[in-house]
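In: With the sequence up front, the predicted model follows.
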Amino acid sequence: MDIHYKTIDRALFSSVFVGIVVFIKEFYFPSLHSIVSILITGIAAFAGYVLASKLIPAREKEKRQKDSL
């Protein structure tokens, strides 16, 4: 079975990013409505995925360059 490590890295990065954002939100704004909390969490998940996709391919390019040498 072929495991795609790139997607695992993205998932871990996104989940940690969402966890940090939700922790900060709950710490500073504990009485927000549920819908607002869900929207903030969804936006954080999307932002975490976008950040992960920007950061992780840079490592893969370096890895490919080392392998080609």
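Out: Sure, I can see it.

In: switch to C-alpha atoms for all contacts and neighbour counts from now on
Out: Will do.

In: residue ranges with poor pLDDT in this protein?
Out: Filtered on pLDDT under 70, the chain yields the residue ranges 1-6, 57-69.

In: mind listing the helices for it?
Out: Applying DSSP state H to the chain gives helices spanning 5-28, 34-68.

In: Now render those helices as a markdown table, adding mean neighbour count.
Out: Conversion of the helices of the chain to a markdown table gives the following (neighbours: other CA atoms under 10 Å):
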| stretch | mean neighbour count |
| --- | --- |
| helix 5-28 | 15 |
| helix 34-68 | 13 |
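
In: How much space separates the residue nearest the centre of the chain from His33?
Out: Closest residue to the average C-alpha location of the chain: Ser14 at 1.8 Å, with CA atoms, centre = their mean. Taking CA to CA, to the nearest Å as the criterion, Ser14 is separated from His33 by 23 Å.

In: Same question for Ile20.
Out: From Ile20 across to His33, the span is 19 Å (CA to CA).

In: show me what contacts the closest residue to the residue nearest to the centre of the chain other than its chain neighbours?
Out: Nearest non-adjacent residue to Ser14, counting by CA to CA, 6 or more residues apart in numbering: Gly48, 4.4 Å away. Contact analysis of Gly48 by CA atoms under 8 Å, 6 or more residues apart in numbering lists 13-15, 17-18.

In: can you put the residues you listed in a markdown table and add distance to Ile56?
Out: Converted to a markdown table, the contacts of Gly48 look like this (distance: CA to CA, whole Å):
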| residue | distance to Ile56 |
| --- | --- |
| Phe13 | 10 |
| Ser14 | 12 |
| Ser15 | 15 |
| Phe17 | 14 |
| Val18 | 17 |
